[in-house]
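# Please work out how this folds:
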Amino acid sequence: MTSKKDLSERDIYTQLITPALKKAEWNIETPIREEVDFTDGRIYVKGNKTARGVRKRADYILYYKPNIPIAIIEVKDNNHTVRAGIDR
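From the prediction side, this is the model:
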């Protein structure tokens, strides 16, 4: 058996997170999306010019109903700290 410390981020998705969501009785087919952009980025305005900031991406978004997100899950492998996925 592979140690959790040796798992890649993708391994953590498939071996830990998705099974935990299924066990919690989330419908894996519809109200969960993986690796999805959830914003086009902040809009910056300077005079007459506008620009978009960096898009934000989530590893999982859980939905209450279609188009009603209620949770975002950020997945990290064991080479990152727990805080590594938190925007400030």
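# Now for residue 60, how many residues are close by?
The tally of other residues near residue 60 (other C-beta atoms under 10 Å) stands at 19. (Each C-beta comes from the backbone N, C-alpha and C, glycine too.)
# Please list all residues in contact with the closest residue to it other than its chain neighbours.
Distance criterion C-beta to C-beta, 6 or more residues apart in numbering; nearest residue to residue 60, sequence neighbours excluded, is residue 73 at 3.9 Å. Applying C-beta atoms under 8 Å, 6 or more residues apart in numbering to residue 73 gives the contacts 17, 58-62.
# swap the cut-off to 7 Å and go again
17, 59-60 (C-beta atoms under 7 Å, 6 or more residues apart in numbering).
# so what secondary structure elements neighbour the helix or strand of the chain with the lowest mean pLDDT?
Least confident helix or strand, the chain: strand 32-39 with a mean of 76, by mean pLDDT, DSSP states H and E. Contact partners of strand 32-39 among helices and strands, from 3 or more C-beta pairs under 7 Å, 6 or more residues apart in numbering; DSSP states H and E: strand 56-65.
# For the helix or strand following the least confident helix or strand of the chain, what does the pLDDT average out to?
Of the helices and strands lying after strand 32-39 in sequence (DSSP states H and E), the nearest is strand 43-46. Mean pLDDT, computed over strand 43-46, is 91.
# Any regions of the chain where pLDDT drops low?
Within the chain, the stretches with pLDDT under 70 are 1-2, 28-31, 82, 85-88.
# need the longest helix for it.
helix 18-23 (DSSP state H).
# And that helix, what's buried?
Within helix 18-23, the residues that qualify as buried are 18, 21, counting by 16 or more other C-beta atoms under 10 Å.
# Quick one: distance of it to the chain centre.
How far helix 18-23 lies from its chain's middle: 15 Å, per C-alpha atoms, centre = their mean, to the nearest Å.
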